[in-house]
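Q: predicted model and sequence follow; I will ask about them next.
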Amino acid sequence: MALTDFKHGVFYAAAIVVEVHNDPTIAATIIQNAGFAEHDVSELDESDKKQLRKLNNYDGINLKGL
C-alpha cells in the first residue's frame, strides 16, 4: 500500500529529527503518536531509510522495508 502524503511527512519529519538533532527518542515518539510504529516504509528514499534504521527496534519501533 502506497504511503499517503501525511504518512510520508511523518516519516520524513522523524528522519530529520534523527539526522539533524540526533534524537531517536523524539523521532520514535513522532512515529508512535501517529500510529505508524510497525509500518512498511520501503518506498521512502534511501537517505530517509538510513536515518530510520537508527530507530528500528528502539522503544517499540518495528518498521518494515528498511
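A: Looks like it arrived, so ask away. Numbers count the residues shown, from 1 in each chain.
Q: how about the helices of this protein, start to end?
A: 5-21, 24-34, 46-53 (DSSP state H).
Q: run through who's touching the second one.
A: What that stands for is helix 24-34. If you take CB atoms under 8 Å, 6 or more residues apart in numbering as the criterion, helix 24-34 is touched by 7, 10-11, 13-15, 17-18, 37, 39, 51, 54-55, 58-61, 63. (Each C-beta comes from the backbone N, C-alpha and C, glycine too.)
Q: who touches the residue positioned nearest the centre of the chain in this structure?
A: With distances taken as CA atoms, centre = their mean, F11 lies nearest the centre of the chain, 4.0 Å away. Residues near F11 by CB under 8 Å, 6+ apart: L3, I31, F36, H39, V41, L44, D48, L52.
Q: can you check V18 too?
A: Neighbouring residues of V18 by CB under 8 Å, 6+ apart: P24, A27, Q51, L52, K54, L55.
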